[in-house]
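**Student:** sequence plus predicted model, see below.
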Amino acid sequence: MIFVKVHKGLREVVAICDKELIGKVFSEGKYELKVGEFFYKGKEVSEDEVKEIMLNATNLNIVGERSINIAIKLGLVNEKNVLSIGGVRHAQSITC
């Protein structure tokens, strides 16, 4: 399963994360990726639900192999723009 949390502000940010990564910290060199509950732990959704959410969002923050692969298949993220920090994949996608 995948967690989705919508943060509303000046721009809406949709945080999407593979469930098993919640609460963990990953580091590599000078980089650190904190997969904190406050930012990422929201509603638990299926892969079909997350596809619909991704397609309707304008600002995505995505962590985890399953979540990233969905975004790539939907054409929202280019593979070459995906970061890996401590073996965990992370990407952002912003559309206007």
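**Tutor:** The structure has been received and is ready for your questions.
**Student:** pLDDT weak spots in the chain?
**Tutor:** 96 (pLDDT under 70).
**Student:** list the beta-bridge partners for the spatially most central residue of it.
**Tutor:** With distances taken as CA atoms, centre = their mean, the chain has residue 62 as the residue nearest its mean C-alpha position (1.3 Å). Taking DSSP bridges, one obtains residue 16, residue 91 as the residues bridged to residue 62.
**Student:** the closest residue to residue 49 other than its chain neighbours sits in which helix or strand?
**Tutor:** Leaving out its chain neighbours, the residue that sits closest to residue 49 by CB to CB, 6 or more residues apart in numbering is residue 4, at 7.7 Å. Bear in mind the C-beta positions are built from the backbone N, C-alpha and C, glycine included. Using DSSP states H and E, residue 4 falls within strand 2-7.
**Student:** residues contacting that strand, please?
**Tutor:** Residues outside strand 2-7 that contact it (CB atoms under 8 Å, 6 or more residues apart in numbering) are 12-19, 22, 39-47, 49-50, 53, 64, 66-67.
**Student:** 6 Å instead?
**Tutor:** Contacts with strand 2-7, where a contact means CB atoms under 6 Å, 6 or more residues apart in numbering, come from 13-17, 19, 40-45, 50, 53, 67.
**Student:** buried residues of it, list them for me.
**Tutor:** Buried residues in strand 2-7, counted by 16 or more other CB atoms under 10 Å: 2, 3, 4, 5.
**Student:** strand partners of it, parallel vs antiparallel please.
**Tutor:** Counting by DSSP bridges, strand 2-7 is paired with strand 13-18 (antiparallel), strand 43-45 (antiparallel).
**Student:** for stretch 62-69, buried residues please.
**Tutor:** Using 16+ other CB under 10 Å as the test for burial, stretch 62-69 gives 62, 63, 64, 66, 67, 68, 69.
**Student:** that older thread, of all the strands paired with strand 2-7, which one is nearest residue 81?
**Tutor:** strand 13-18 (15.6 Å; CB to CB).
**Student:** show me which residues of whatever helix or strand comes next after that closest one are buried.
**Tutor:** Once strand 13-18 ends, the next helix or strand along the chain (criterion: DSSP H and E) is strand 25-28. Neighbour counts over strand 25-28 (16+ other CB under 10 Å) mark residue 26 as buried.
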